[in-house]
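> have a look at this fold, sequence not included:
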């Protein structure tokens, strides 16, 4: 994915654990964010979008100010699939590790635009290759290390008990001595490699993934608890929150949401019916809300927006938006821009 047509962004969940990690290394997280014009709110919510360039610069500043070159790698190693939100739990519920990694691959660009994740097989070895496709005039070493660290932890979390990590490769030169890397990763990594990757035995792809840990389940239960702001109708709020999380991944279906809630799809639909709604209605409401938010930004291409909302074609999105608002997306954007101009005048 190239960066010619838009500013690449990542979900603020990429900063999971950032505050605690900064304090551990005696740097001020608020000063670091402010240096790149990022609001403190990005540390409180995992749903916000932050420009990738600002995120990468924050990582470099953190490594420099802390005097700890492995700041990004160690930050990434503190978190597993919970850093992917509910989709991490969904991945752990697949029938095989191969299916789990397929879901992670599908989700990755929504989690962090411009990031490419590819599973390759080489004889008896499987490797997950990590790369970025963005044109930033800054050093990407810290980004590569946080990316490989996250991939390493996702593979470790999803792999069946006893599955070894057989190799870790970095395209860049080491930032400190090999012994420190080996102690962190459990295997001596290769540097100046052709690719960034994490490898493990291929036969494990056909085995069931490891069950979600208590920590991940605890995180997910906390996530749902936070979603239920309206205590008179908590299920509706939980479904809406999950739809928000899953729409960018293409997995926002009644089956997926029901599975994440530990319910059968029919049971979910029955319970929604008792509160005078249904899954499709809630899905449409969320899509309309997200569409309006995106259309308020003049640089969001309509085709990209349609794909992000789960429509295979722009025409299908345009018909849906006109049904919701009575106007085409383009006309709605024009009217919004005129209203903003009038208020400013």
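Now that the structure is in, tell me what you want to look at. Quick caveat, the model's predicted, so the values are computed rather than measured. Numbering: from 1, shown residues only.
> residues near residue 65, how many?
By other C-beta atoms under 10 Å, the residues close to residue 65 number 17. Glycine gets a C-beta too; all of them are placed from N, C-alpha and C.
> so who does residue 32 touch?
22, 58, 61, 62, 65 (C-beta atoms under 8 Å, 6 or more residues apart in numbering).
> list the contacts for residue 214?
Per C-beta under 8 Å, 6+ apart, neighbours of residue 214: none.
> if we can go back for a sec, so which of the contacts of residue 32 wins on neighbours?
For these, neighbours tallied by other C-beta under 10 Å; top is residue 58, 25 neighbours.
> isn't that one right next to residue 38, touching?
Yes - counting by C-beta atoms under 8 Å, residue 58 touches residue 38, with 6.9 Å between them.
> just to revisit the earlier point, just the closest of the contacts of residue 32 to residue 9, please.
The closest of the contacts of residue 32 to residue 9 turns out to be residue 58 (C-beta to C-beta; 13.8 Å).
> which helix or strand contains the closest one?
If you go by DSSP states H and E, residue 58 is part of helix 52-66.
> off-centre distance for that helix?
When C-alpha coordinates are averaged (C-alpha atoms, centre = their mean, to the nearest Å), helix 52-66 and its chain have centres 19 Å apart.
> where does the stretch 51-200 of the chain dip in pLDDT?
Counting by pLDDT under 70, the ranges of the stretch 51-200 of the chain that qualify are 83, 85-87, 109-112, 136.
> now the strands for it?
115-122, 125-132, 167-169, 196-201 (DSSP state E, counting those that start in this stretch).
> possible to save the ones you listed as JSON lines with mean neighbour count and distance to residue 342?
Converted to JSON lines, the strands of the stretch 51-200 of the chain look like this (neighbours: other C-beta atoms under 10 Å; distance: least, C-beta to C-beta, whole Å):
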{"stretch": "strand 115-122", "mean neighbour count": "15", "distance to residue 342": "40"}
{"stretch": "strand 125-132", "mean neighbour count": "19", "distance to residue 342": "41"}
{"stretch": "strand 167-169", "mean neighbour count": "21", "distance to residue 342": "56"}
{"stretch": "strand 196-201", "mean neighbour count": "21", "distance to residue 342": "50"}
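> now render those as CSV, adding distance to residue 322.
As requested, those are exported to CSV (distance: least, C-beta to C-beta, whole Å):
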stretch, distance to residue 322
strand 115-122, 34
strand 125-132, 37
strand 167-169, 50
strand 196-201, 44
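> the ones you listed: which one's closest to residue 188?
Using C-beta to C-beta, the nearest of the strands of the stretch 51-200 of the chain to residue 188 is strand 167-169, at 8.4 Å.
> what's in contact with that closest one?
Identification of contacts with strand 167-169 by C-beta under 8 Å, 6+ apart yields 125, 127, 148, 152, 185, 187, 189-191, 193-199.
> which one of the contacts of residue 32 is nearest residue 298?
Closest to residue 298, out of all of the contacts of residue 32 and judged by C-beta to C-beta, is residue 58, at 25.9 Å.
> follow-up on the earlier one: and of the strands of the stretch 51-200 of the chain, who's closest to residue 335?
Of the strands of the stretch 51-200 of the chain, nearest to residue 335 by C-beta to C-beta is strand 115-122, at 35.2 Å.
> show me how this protein divides into domains.
As assigned by automatic domain parsing, the chain contains the domains 9-206, 228-334.
> winner for burial among these?
domain 9-206 (a mean of 18; mean count of other C-beta atoms under 10 Å).
> how close does the closest residue to residue 76 other than its chain neighbours get to residue 185?
Of all residues not flanking residue 76 in the chain, residue 149 sits nearest, at 2.8 Å (C-beta to C-beta, 6 or more residues apart in numbering). Applying C-beta to C-beta, to the nearest Å, the value for residue 149 to residue 185 is 9 Å.
> likewise for residue 52?
For residue 52, the distance to residue 185 - C-beta to C-beta - is 25 Å.
> would CSV of the domains of the chain with distance to residue 343 be doable?
Formatted as CSV, the domains of the chain follow (distance: least, C-beta to C-beta, whole Å):
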stretch, distance to residue 343
domain 9-206, 23
domain 228-334, 13
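> for the residue nearest to residue 143 when sequence neighbours are not counted, what are its contacts?
Among residues not flanking residue 143 along the chain, residue 56 sits closest, at 5.0 Å (C-beta to C-beta, 6+ apart). For residue 56, the contact set (C-beta under 8 Å, 6+ apart) comprises 136, 138, 140, 142, 143.
> my guess is the residue nearest to residue 76 meets residue 77, correct?
Yes - counting by C-beta under 8 Å, residue 77 is a contact partner of residue 149 at 4.9 Å.
> can you list residues touching both of these two?
With C-beta under 8 Å, 6+ apart, residue 149 and residue 77 have no common neighbours.
> any idea which helix or strand carries residue 331?
helix 329-344.
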